[in-house]
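S.K.: model this:
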Amino acid sequence: MQTMQEKLRGLREDNDLTQSQVAQLLGTSQTMYARYERGANELPIRHLVALCRLYNISADYFLGTEPDPRLKRGSAKRN
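M.R.: Residues are numbered from 1 along each chain as shown. Below is the predicted model:
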């Protein structure tokens, strides 16, 4: 199971964004965003909401209460 930090980085990389670009969208510095990805600082809820909107995903995915939405698409093909 991926950590929240791994999900942050993975989604950013999957969308071909830099830490600086995401930080700018959140209204924070690249340094602070990097700290979120490393787990050195907790991600504020307002940033969680903004990231969910950016990546079009549920907060449940970040929080680990819902599986990766990218896997749901493939699961129907396996049945």
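
S.K.: the residue nearest to L11 when sequence neighbours are not counted: neighbour count?
M.R.: Nearest non-adjacent residue to L11, counting by CB to CB, 6 or more residues apart in numbering: Y55, 4.9 Å away. All C-beta atoms are positioned from the backbone trio N, CA, C, and that covers glycine. The local packing of Y55 (other CB atoms under 10 Å) involves 19 other residues.

S.K.: look up how far N15 lies from Y55.
M.R.: Computed as CB to CB, to the nearest Å, the Y55 to N15 distance reads 7 Å.

S.K.: same question for T65.
M.R.: For T65, the distance to N15 - CB to CB - is 22 Å.

S.K.: same deal with L8?
M.R.: Distance from L8 to N15, by CB to CB: 11 Å.

S.K.: out of these two, which sits in the more crowded spot?
M.R.: Set L8 next to N15 and count neighbours by other CB under 10 Å: L8 wins out with 24 against 11.

S.K.: so that one touches H47, yeah?
M.R.: No - L8 lies out of contact with H47 (CB atoms under 8 Å); the separation is 9.7 Å.

S.K.: how many other residues sit next to the nearest residue to M4 once chain neighbours are set aside?
M.R.: Leaving aside its sequence neighbours, M4 sits nearest to F62 (CB to CB, 6+ apart; 5.6 Å). Other residues within reach of F62 by the criterion other CB under 10 Å amount to 19.

S.K.: element containing F62?
M.R.: helix 59-63 (DSSP states H and E).

S.K.: which other helices and strands contact that helix?
M.R.: Applying 3 or more CB pairs under 8 Å, 6 or more residues apart in numbering; DSSP states H and E, we find helix 59-63 packed against helix 4-14, helix 45-55.

S.K.: mind exporting it as PDB, just the C-alpha atoms?
M.R.: Taking C-alpha atoms only, helix 59-63 is exported to PDB below (Å, rounded to 0.1, in the frame of the first residue of the first chain):
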ATOM      1  CA  ALA A  59      -9.700  12.600  -0.800                       C
ATOM      2  CA  ASP A  60     -10.400   9.000   0.200                       C
ATOM      3  CA  TYR A  61      -7.700   7.900  -2.200                       C
ATOM      4  CA  PHE A  62      -5.100  10.100  -0.500                       C
ATOM      5  CA  LEU A  63      -6.300   9.000   3.000                       C
END
